[in-house]
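Asker: Only the shape, not the letters, is given here:
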């Protein structure tokens, strides 16, 4: 459970929704269900913004990013009497269990900056539970500074520590600390081209300094 201090801090909630096979959330009744779901979330006290989109590499997963004024606002939503019926409505779309975690982004690195781009690269890095945050904070700062200078097709780089403990098979005993980051790109191809540039090896080494594992996908986010 998050500490009282953490509960009082702004967070971005990352929700991964596995969709049923052959579900089209961009048309018909399924779109109506999704629209109602998003509208309900956006109307909650403390909800600052809601972004959503399908993963480009694997569109059977819907990605949501919900920015809350404080973590407690999300907990308050879950405590409402209408929350269970809300979940039951969402259930008609589900092809598996929903995954949720919260990220604490610095005030000068809002999620909206990265989500405003045509495509957003979403990365999660996983660490041993006892890995010092300060060590990776320094590496992250270098990655962000050098990436913003050299990635001409990149519009924003934001990131922060995940509140909840995560699980990953490549971390000792499967329990991991995680850091999530988001990079705005003009296109997926622009990201791929940057990976082939001379700048990339000197920049990515900072991001890879510490994590035991990483995951990455792209989303073309829409804002509710």
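Answerer: Noted; the coordinates are in hand. Predicted model, so just to flag it, every value in this text is computed and none were measured.

Asker: roughly how far is the top helix by length along the chain from the heart of the chain?
Answerer: In the chain, taking DSSP state H as the definition, the longest helix is helix 133-150. The chain centre lies 18 Å from the centre of helix 133-150; the measure is CA atoms, centre = their mean, to the nearest Å.

Asker: For the remainder of this discussion, apply numbering that starts at 429.
Answerer: Yes, from this point I'll number from 429; that puts the last item at helix 561-578.

Asker: chain center to the longest strand seen in the chain, what's the gap?
Answerer: As assigned by DSSP state E, the longest strand anywhere in the chain is strand 603-613. Relative to its chain's centre, strand 603-613 lies at 7 Å (CA atoms, centre = their mean).

Asker: going on from that strand, what's the next piece of helix or strand?
Answerer: Remark: after strand 603-613, the chain's next helix or strand is helix 616-623, criterion DSSP states H and E.

Asker: returning to that earlier point: go ahead and name everything in contact with the longest helix of the chain.
Answerer: Applying CB atoms under 8 Å, 6 or more residues apart in numbering, the external contacts of helix 561-578 come out as 553, 555, 582, 585, 587, 589, 605, 607, 609, 611, 622, 625, 627, 630-632, 634-635, 637-639. Using the backbone N, CA and C atoms, a C-beta is placed for each residue, glycine as well.

Asker: Report all helices and strands that the helix or strand following that helix contacts.
Answerer: Using DSSP H and E, the helix or strand that follows helix 561-578 in sequence is strand 582-590. Other helices and strands packing on strand 582-590, by 3 or more CB pairs under 8 Å, 6 or more residues apart in numbering; DSSP states H and E, are strand 527-532, helix 539-543, helix 561-578, strand 603-613, helix 616-623.

Asker: In CSV, list these along with distance to residue 499, mean pLDDT and mean neighbour count.
Answerer: Formatted as CSV, the helices and strands packed on strand 582-590 follow (distance: least, CB to CB, whole Å; pLDDT from 0 to 100; neighbours: other CB atoms under 10 Å):
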stretch, distance to residue 499, mean pLDDT, mean neighbour count
strand 527-532, 6, 97, 18
helix 539-543, 15, 98, 23
helix 561-578, 18, 96, 15
strand 603-613, 15, 96, 23
helix 616-623, 30, 98, 15
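
Asker: Please render the ones you listed as CSV that adds distance to residue 516 to the earlier fields.
Answerer: Below are those laid out as CSV (distance: least, CB to CB, whole Å):
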stretch, distance to residue 516
strand 527-532, 17
helix 539-543, 28
helix 561-578, 38
strand 603-613, 29
helix 616-623, 35
